[in-house]
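Asker: 3D, please:
(chains A, B and C)
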Amino acid sequence: MPGRPSRRSVLAAMAAVPLTGAVSACSGGNAASSARTGTTTRITFWSALRGSQEVVDAFNRTHRTVQVEFQQIPSGGQGGYAKLSNAARAGNAPDVATIEYPQVPGYAIDGVARDITDLVGDGLRRKLLPQALGLTTFEGRVFSVPLDVEPMVMHYRADLFDRYGLRPARTWDEFAEQAAAVRRKAPDRRLVLFPTDGMTQFACYAWQAGARWFDTSKGAWNVSLADAPSRRVADYWQGLIDRDDVFMNAVESRQSDAQIGNGLVLTRLSGAWDAGAQMNARPGQKGQWRIAPMPQWDTGSPSVGTHGGSTFAVTADSRHPEAAMEFIEWQVSHPDALRARLSSGTSSQYPAAPGLVSVGRDAFDRSYYGGQDIYTLFEREAQKIGEQWLWGPRMSATQKVMQDSFARVSGGQGSLVESLRTAQEGTMPDLKALGLSTTQHST
Amino acid sequence: MSAADSSLLRPGLLGRATVNVVVAISVLYTLLPVLWLVLASAKTRDALFSSDLLSLSDFSFARNLQDLFAMDGGLYGRWYVNSLLYAVVGAAIGALVSVACGYAFDKYGFRHKEKLFGLVLAAVMVPQTVLALPLYLMASEAGLVNTFWAVFIPVLFNPFGVYLGRIFARGYVPDEVLEAARVDGAGELTTYFRVALRMLGPGLVTVFLFQLTAIWNNFFLPMVMLSDQDLYPVSLGLYQWNSAASVSPEYYPVVIMGSLLAVLPLILAFVLLQRFWRSGLTAGAVK
Amino acid sequence: MTTTIRTRVPAGASPAAAAPSASGPRARRAARRRQLTAAGVLMTPFFVLLVTVFLIPVGTAVYLSFFSDDQPGLGFGPERTVFVGLRSYAAVLTDPTFLGGLGTVALYCLIYIPLMVVGALALALLLDSGVVRLRAFAQLGLFLPHAVPGIIAALIWLYLYTPGISPVIELFAQADVTIDFLGVHTVVPSIVNIALWSNLGYNMVVFYAALQAVPREVIEASVVDGAGPVRTALQVKTPLVRASIVMVSIFTLIWALQLFTEPMLLSQSSPMISSRFSPSMYIYDAAFTRNNYGLAAAASVVLLVCTIALSYGVTRFTSRADVSREAR
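Answerer: Numbering: from 1, shown residues only, chains lettered A, B, ... in the order given. Next up is the predicted model:
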């Protein structure tokens, strides 16, 4: 159950407070505070990412002036974000927090994530993929540092593709034809799932098609969730759904697990990280999966969006932003950090610092994917990430409204295009009530 | 109703049968789901989904009970104790506070009394959800969020208890008794605690019972205030386990067993204290 | 806070207090002072609670709905607290998800309240007719669900709505009827059913208690007039328990407007219940998942105003009906 490890660690941390005695007065004695003991700066770090403890241990072993205290928290949607917001409100947020890309602008606006423009040196900037840093930069100011960036790829069942005489589709048209073919040949199987809880997947499809749900020109949040590229994508998937050529249910569900486990679904469209997740979840399917680039709208100028990925922010509460930044920089750019993270188990995360790709490649066991060099594929795909994309100020809310609406589509009510409009209508009151300048387009 | 006068009113045989059938169906409607809960609590997970409720072959009541208290390191036991603390202590203090206030409203006169009483009645109408965010922010400011007190203090507030207390004071404590006590030279508070409170006993129990139910049922406030599972009451804990059950079905039997156990204290309280709450309902209804 | 209450009470001393028996104005004044002190002591704990967990929060909600920590433009600048007037209200009232929630609750009330009041009253009248066998058992049986906490009532029914677990769905299936209790059109009636199940018996007991207090002579008189049992119930007994009907209606309304627990639980299993399904869920979502206090506070005040207006309306409507009846 989510939350349990966090509770333990909260208790452990609380129990540890009186012993360390290094609690500053104005933070009210909370374990999440940081303090300077002697020449060592102590900072706190919250994350739900696997392998974080190993990374922190490795950092603490090799650093003297900065020591990190780590606390495992539930992942964002499972209560991690609520925990971070509550802590920030109570003034005891950790020095370093983990935030996924869609939530970065929201936390920046809420004043939880600190403006770290001046702390991000040129050296670090040069190490990071520009598209990744672009997602955490607003009005020229940097609010968090990307750890990984996850181009969307097509995971496919090579064995079933062979059986039905398919090859990975290069275009979306071809993909649609294959979807129909799969349903014809195997009525209980489908080419792919349209996830009703998949705002991030849909955003990624729209991103690939050139959509800009949010842009910040002219000093305002210009919102256009139903712009032309998004409508094109919505209509495309609506067609597949109407023809019953795809599954439509939640991806975070037992139903979806069963679809993958029983070989009912032939492809999964998801970020690079999912290769490792698949290996961990279903060791029995070894050798059956391969990975291919996403189908394209325009093969002449291929593009992809990203699906997943995390960033690290220094919080506004932190009293040691330089130390926090030193830890973050090491974590996202030092080979030992990635090695430490991978030591906790298989992962196929694609580092936002391209210099680390070889570390990931070397550590990855290729046999699950039949010897395929997936990192080289990821590297190629990462170059295609569209640079136009920005996430909005209240993505969790936008996501909920959109997914609620997707779920109704699966119940036979409304359409995907209407879902986009509903999501926009359900987002605007939020932005307005926050006092932000806003405009709306192409609704 | 005596046999003599009710015979005058008795409908014909057909009417009588209809009345009994309607009431019987209604009773089945209210009882069957509880019966289902009892039967389902004795089922293994697989039997639960094969939905052959009445077969006794896979009877695992004791097993489920054991699992319930073993699940997640015995969290359920904690939740149960928490619920008892919140509800029993909270309702006891709350009932004393409300009834004392209601008594004062009835027995003493002061300016703006009825306006103040109107304010109390207005408080009955205000939805709890309206107060949630400000209460949360206040608790946050005071450093009480995610502590026992964040839930315990707000549940003490029971304006309807004041209303009932006033009615009970009027009904159960004759003014002559107070006069007599005053003639004897007893202080006002001494009279209240030594004499009036005893006479208010049944009313106090009624207010206690209503508040006990309300706090035991409380779900919104703990959900807003608490993130530490060790502080959860049963209601919030079962809610969380149920959300986990959609991913890990081993939670289904324990949620059902946990629900059954959570129902027991209130049923017990209602059955044991029947004559008190009936009088309370009458007081509230007839005015 | 404590002091304001205490000082207010003696300051407002009125001569209406029970007359002390001691002779002399000074003794009387002393007695009154003692009484007011006692009133102060007995009332202070409650009013401390009233101020801290009721008045201040309501005031805070109103304040939050008019003020906001704003950052102009994109929102990345420094915050400042500004008076925003009706901006939060405008945002809430133009939010289709909030209006949808209001609509849902309106529909819920329209189905639930009449069913509840009529059903509970009918059962009470039946039990009062004197022909029901095992009356004590029937009463206890009907009342039992009230002892089941709301979240557990919702859990029980959720399972009874879940295909694969539910014997109800199985029964329907045997009759070749497939029924989805949590579908687009069934979800509100399904929630009504849970609330009805929980509260029917309780309100029945309220009505029954009131009926017991109806003087027997009145009923006998109507029988002498030749009224049958049905007419006696509808035309004699029912008007005599009007006060209870009004009270039950108002309390049912207040509770119905707060609709939260049942849909919150069912939303774990039904995609048809969104996170902003009812106004209360909207408030929760705005405050605690969207961190948008202005929006949550404005929605809270709107819900509060709706509740007060509707309760007041019901009271006025029924008292006016009283007057017009007496005029007839």
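Asker: what about the helices in the stretch 101-250 of chain B?
Answerer: B:113-125, B:128-141, B:148-156, B:159-172, B:175-183, B:188-191, B:197-199, B:201-217, B:220-225, B:234-245 (DSSP state H, counting those that start in this stretch).
Asker: tabulate the ones you listed in JSON lines, adding columns for mean pLDDT.
Answerer: Shown next, in JSON lines, are those (pLDDT from 0 to 100):
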{"stretch": "helix B:113-125", "mean pLDDT": "91"}
{"stretch": "helix B:128-141", "mean pLDDT": "89"}
{"stretch": "helix B:148-156", "mean pLDDT": "95"}
{"stretch": "helix B:159-172", "mean pLDDT": "90"}
{"stretch": "helix B:175-183", "mean pLDDT": "88"}
{"stretch": "helix B:188-191", "mean pLDDT": "90"}
{"stretch": "helix B:197-199", "mean pLDDT": "90"}
{"stretch": "helix B:201-217", "mean pLDDT": "90"}
{"stretch": "helix B:220-225", "mean pLDDT": "90"}
{"stretch": "helix B:234-245", "mean pLDDT": "88"}
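Asker: nearest to A:Asp215, of those?
Answerer: helix B:128-141 (32.0 Å; C-beta to C-beta). Backbone N, C-alpha and C define where each C-beta goes, glycine included.
Asker: name the residues of the closest one that are buried.
Answerer: B:128-140 (16 or more other C-beta atoms under 10 Å in any protein chain shown).
Asker: A:Thr438 against A:Lys218, yeah?
Answerer: No: judged on C-beta atoms under 8 Å, A:Thr438 makes no contact with A:Lys218 at a distance of 11.1 Å.
Asker: what subset of the buried residues of helix B:128-141 is also close to chain A?
Answerer: Applying C-beta under 8 Å from any C-beta of the partner chain to these, one finds that B:Ser140 fall near chain A.
Asker: is A:Ala180 in contact with A:Asp242, as I believe?
Answerer: No: A:Ala180 is beyond contact range of A:Asp242, at 11.8 Å (criterion: C-beta under 8 Å).
Asker: before we move on, the earlier item: to A:Ala407, which of the helices of the stretch 101-250 of chain B lies closest?
Answerer: helix B:234-245 (16.1 Å).
Asker: can you name the residue of chain C nearest to chain A?
Answerer: C:Pro271 (3.0 Å; C-beta to the nearest C-beta).
Asker: what count of nearby residues applies to that residue?
Answerer: 22 (other C-beta atoms under 10 Å in any protein chain shown).
Asker: likewise for B:Gly109?
Answerer: 17.
Asker: any idea of the mean pLDDT for stretch C:76-88?
Answerer: For stretch C:76-88, mean pLDDT is 85.
Asker: that one near chain A at all?
Answerer: Yes: Stretch C:76-88 reaches chain A (C-beta under 8 Å from any C-beta) through C:Phe76, C:Glu79, C:Val82, C:Val84, C:Arg87, C:Ser88.
Asker: can you list the low-confidence ranges for the chain?
Answerer: As the question left the chain open, I've gone with chain A. A:1-38, A:442-443 (pLDDT under 70).
Asker: that's the wrong chain, I meant chain C
Answerer: Looking along chain C with the criterion set at pLDDT under 70, you get C:1-23, C:321-328.
Asker: for the one helix or strand B:Trp36 maps to, packing partners?
Answerer: If you go by DSSP states H and E, B:Trp36 is part of helix B:13-40. The elements that helix B:13-40 packs onto, with contact taken as 3 or more C-beta pairs under 8 Å, 6 or more residues apart in numbering or on different chains; DSSP states H and E, are helix B:251-272, helix C:96-128, helix C:135-143, helix C:150-161, helix C:187-212.
Asker: closest to C:Leu259 out of those helices?
Answerer: helix C:96-128 (5.6 Å).
Asker: that closest one: which residues count as buried?
Answerer: Those would be C:96-98, C:100-102, C:104-105, C:108-109, C:111-113, C:115-117, C:119-128, for helix C:96-128 by 16+ other C-beta under 10 Å.
Asker: could you do stretch C:164-175 as well?
Answerer: So for stretch C:164-175, counting by 16+ other C-beta under 10 Å, buried means C:Ile165, C:Ser166, C:Pro167, C:Val168, C:Ile169.
Asker: what do you get for stretch C:24-33?
Answerer: Neighbour count says stretch C:24-33 has C:Arg28, C:Ala31, C:Arg32 buried, by 16+ other C-beta under 10 Å.
Asker: and the chain, what are its domains?
Answerer: You didn't say which chain, so I picked chain A. A:4-149+A:309-366, A:152-306+A:394-440 (automatic domain parsing).
Asker: hm, I was asking about chain C
Answerer: According to automatic domain parsing, chain C comprises the domains C:2-83, C:88-327.
Asker: of those domains, which is nearest B:Pro249?
Answerer: Closest to B:Pro249 of those, according to C-beta to C-beta: domain C:88-327, at 10.5 Å.
Asker: how about the residues of the stretch 251-400 of chain A near chain B?
Answerer: So far as C-beta under 8 Å from any C-beta goes, the stretch 251-400 of chain A lies against chain B at A:Glu252, A:Ser253, A:Arg254.
Asker: let's go with 7 Å and repeat that
Answerer: Taking C-beta under 7 Å from any C-beta of the partner chain, the part of the stretch 251-400 of chain A that reaches chain B is made up of A:Arg254.
Asker: quick one: the helices in the stretch 251-400 of chain A, in order.
Answerer: Ranges of helices in the stretch 251-400 of chain A, per DSSP H, counting those that start in this stretch, are A:254-261, A:274-281, A:321-333, A:335-342, A:357-363, A:374-383, A:395-410.
Asker: could those helices go into TSV alongside mean neighbour count?
Answerer: As requested, the helices of the stretch 251-400 of chain A are exported to TSV (neighbours: other C-beta atoms under 10 Å in any protein chain shown):
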stretch	mean neighbour count
helix A:254-261	16
helix A:274-281	19
helix A:321-333	22
helix A:335-342	21
helix A:357-363	17
helix A:374-383	19
helix A:395-410	23
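Asker: and chain C, which residues reach chain A?
Answerer: C:68, C:70-76, C:79, C:84, C:87-88, C:91-92, C:94-97, C:183-184, C:271-272, C:274-275, C:288-292, C:294-295.
Asker: mark which of those residues are buried, thanks.
Answerer: Looks like the residues of chain C next to chain A have C:68, C:70-71, C:74-76, C:84, C:87-88, C:91-92, C:95-97, C:271-272, C:274-275, C:288-292, C:294-295 buried, using 16+ other C-beta under 10 Å.
Asker: now, these that are in helices?
Answerer: With helices taken from DSSP state H, the overlap with those comprises C:Arg87, C:Ser88, C:Ala91, C:Val92, C:Pro96, C:Thr97, C:Gly294, C:Leu295.
Asker: go ahead and confirm the second one touches A:Leu434.
Answerer: No: contact criterion C-beta atoms under 7 Å: C:Ser88 and A:Leu434 do not qualify, at 9.7 Å.
Asker: so what sits against both of these two?
Answerer: Both C:Ser88 and A:Leu434 lack any common contacting residue under the criterion C-beta atoms under 7 Å, 6 or more residues apart in numbering or on different chains.
Asker: quick one: which of the helices of the stretch 101-250 of chain B is nearest A:Ile109?
Answerer: So among these, helix B:128-141 is nearest, using C-beta to C-beta, at 18.9 Å.
Asker: how far out from the middle of the chain is that closest one?
Answerer: Computed by C-alpha atoms, centre = their mean, to the nearest Å, the chain-centroid distance of helix B:128-141 equals 22 Å.
Asker: enumerate the residues of the stretch 201-350 of chain A near chain C.
Answerer: Residues of the stretch 201-350 of chain A lying close to chain C (C-beta under 7 Å from any C-beta) are A:Thr216, A:Gly219, A:Trp221.
Asker: more neighbours, A:Ala180 and A:Asp242?
Answerer: Between A:Ala180 and A:Asp242, counted using other C-beta under 10 Å, the more crowded position is A:Ala180 (14 against 9).
Asker: so which residues of the stretch 51-200 of chain A form strands?
Answerer: Counting by DSSP state E, counting those that start in this stretch, the stretch 51-200 of chain A has strands at residues A:66-72, A:96-100, A:137-138, A:141-142, A:145-146, A:152-157, A:193-195.
Asker: before I go, just wanted to say thanks for your time.
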